[in-house]
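# coordinates for the following, if possible.
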Amino acid sequence: MARTTIRTEDITASEVTTAKMATDPTNASNLSSGSVPLAQLGNAPATDTSGIEDDIALLGFKVAANGSLAKYNLVDQTVDAFETEGGIDTSTSTDEVYNAAGNYYSSVASETLLTQGGTAPDGVADSMLSVSGFNNWTASVLNDSSVGGSGLLADGVAAGGYVMLDLGDGNEKNITKAGMYYANTNCYCQFDSVEWSTDDVSYTSIAFSTNIGGTPSAAGQQRSNSFTGPGAKRYWRLIKANSAQSGSWMSGLEWWHTPINATMNLVSNSTTAEAVPTKGDLVMTYTNGIGTATINTDIKGYVSRDNGVTYTEGTLVSQGDTGSHEIVSFHDLDISGQPSGSTMRYKIGLENQGLSKETRIQAVSLGWS
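Sure thing, here's the model as predicted:
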């Protein structure tokens, strides 16, 4: 057999390079089997798992809502879809209002009977009531929505007469509904509007869509009218609409209000971590009941590892929406500067709430590592 001799001077540089690459273990493209030592992977880029963490939290929200669970704990994570109030520390939270129908928290309460001083059923003290244009009136009866009686004698009372409620300095309320209770059928008064003032000098009128009053068909009827309140005010007046007539008004008054808190702090119950964490994650969904909230201004998120003694605020980032709910989150929040501890809490803060802005917190997930 003939032997072929290859001289090194006959091999080109490119051929040497090609031969070397075929067996070069430092080139990952040449690896078809085996494993790479973990120490050699130090230059691998970090993987951003924040999107996956958001998805896990949202899945937790759905599971909690589907199972009507108040709050439940995963490994290094808690999830609360507010199916009940069980996951919130009501003794530490401030100005939080739970809406059981919508399963959310906000700083705006539902419309309720006014409770402010006095001993009458509705809580409006007799000294807070006065009238103009009416004769023979009894404050205790006007303040009673369940007993009724000869509160006002309506003979000769012209349109424009009023019943006034003075809540007093520091006790201002956002009145959103006024009503009458009829003890019998002898009622000949109608009210077409309510007026409010901060100084009992300059008044602003709010017209009713339908007048309160008229002749009831039976004793024990209640008629009321809701309206958009202007916020907490001291002075309120119901304005008589119809002209003077014979007869008497034998009724009681109802005053309703919708409390609005400008701020809210929603604090979770504590959860014990398996080890002292150094980082915190928060995923939250919310809706705009009124107006549009600005994250990190109107809505803020905080994490604590020392049972709520110290909080660190995270910078919320929008993650889109789930349809009707907005998703915001922050990840890897550094909480190592807090006093050492493993008792985890979150706090959600609302600010700038009012008649033109109501933010509703729908669900929160807290994680740590």
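
# could you check how many residues crowd around the residue nearest to Gln190 when sequence neighbours are not counted?
Among residues not flanking Gln190 along the chain, Gly213 sits closest, at 3.7 Å (C-beta to C-beta, 6 or more residues apart in numbering). Heads up, the C-betas are built off the backbone N, CA and C, glycines and all. For Gly213, the neighbour count with other C-beta atoms under 10 Å is 22.

# residues contacting Gly213?
180, 187, 189-191, 223, 241-242 (C-beta atoms under 8 Å, 6 or more residues apart in numbering).

# now swap in Ser106 and tell me
Ser106 touches 97, 99, 264, 289, 350, 353, 358-361, counting by C-beta under 8 Å, 6+ apart.

# ditto for Ser217
Thr185.

# A helix includes Ser127, no?
Yes. Counting by DSSP: H, G, I helix; E, B strand; the rest coil, Ser127 is located in a helix.

# roughly how far apart are it and Lys173?
Computed as C-beta to C-beta, to the nearest Å, the Ser127 to Lys173 distance reads 16 Å.

# more neighbours, the two?
Ranked by neighbour count (other C-beta under 10 Å), Ser127 and Lys173 place Lys173 first, with 22 against 11.

# which residue sits closest to the more buried one, ignoring its sequence neighbours?
Per C-beta to C-beta, 6+ apart, closest to Lys173 is His257, 4.4 Å.

# so that neighbour touches Val108, yeah?
No. His257 is beyond contact range of Val108, at 11.6 Å (criterion: C-beta atoms under 8 Å).

# so where is this structure shaky, pLDDT-wise?
By pLDDT under 70, the low-scoring segments of the chain are 1-75, 116-122, 136, 141, 143-157, 183-184, 186-188, 244-251.

# the helices in it, which residues?
13-23, 50-66, 139-142 (DSSP state H).

# quick revisit: the residue nearest to Gln190 and Gly289: what is the separation?
Taking C-beta to C-beta, one finds Gly213 at 32 Å from Gly289.

# just give the nearest non-adjacent residue to Gly289, would you?
Glu358 is the one closest to Gly289 (C-beta to C-beta, 6+ apart), at 3.8 Å.

# mind listing the residues bridging to that neighbour?
Ile290 (DSSP bridges).

# can you start the count at 847 instead of 1 from here on
Shifting the count to begin at 847 puts that one at Glu1204.

# tell me who's in contact with it.
Glu1204 neighbours (C-beta under 8 Å, 6+ apart): 952-954, 1134-1137.

# same thing but 10 Å
943, 952-954, 1106, 1133-1137, 1139, 1196 (C-beta atoms under 10 Å, 6 or more residues apart in numbering).

# can you check Val1155 too?
Val1155 touches 1184-1185, 1187, 1189, 1191, counting by C-beta under 10 Å, 6+ apart.

# determine which two of those residues are furthest apart.
Pro1185 and Arg1191 (13.3 Å; C-beta to C-beta).

# more neighbours: those two, which one.
Using other C-beta under 10 Å as the criterion, Pro1185 and Arg1191 rank with Arg1191 on top: 22 against 10.

# hang on, that one packs against Leu1128?
No. Under the criterion of C-beta atoms under 10 Å, Arg1191 makes no contact with Leu1128, lying 11.2 Å away.

# okay, and the common contacts of Pro1185 and Arg1191?
Common neighbours of Pro1185 and Arg1191 (C-beta under 10 Å, 6+ apart) are 1150-1153, 1155.

# of the residues you listed, buried ones?
Burial by neighbour count, 16 or more other C-beta atoms under 10 Å: within the shared contacts of Pro1185 and Arg1191 this picks out 1150-1152.

# and those residues as a markdown table, adding distance to Leu1011?
Below are those laid out as a markdown table (distance: C-beta to C-beta, whole Å):
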| residue | distance to Leu1011 |
| --- | --- |
| Ser1150 | 43 |
| Arg1151 | 49 |
| Asp1152 | 47 |
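
# so Asp1167 sits against Thr1131, correct?
Yes. Using C-beta under 10 Å, Asp1167 is in contact with Thr1131, at 8.4 Å.
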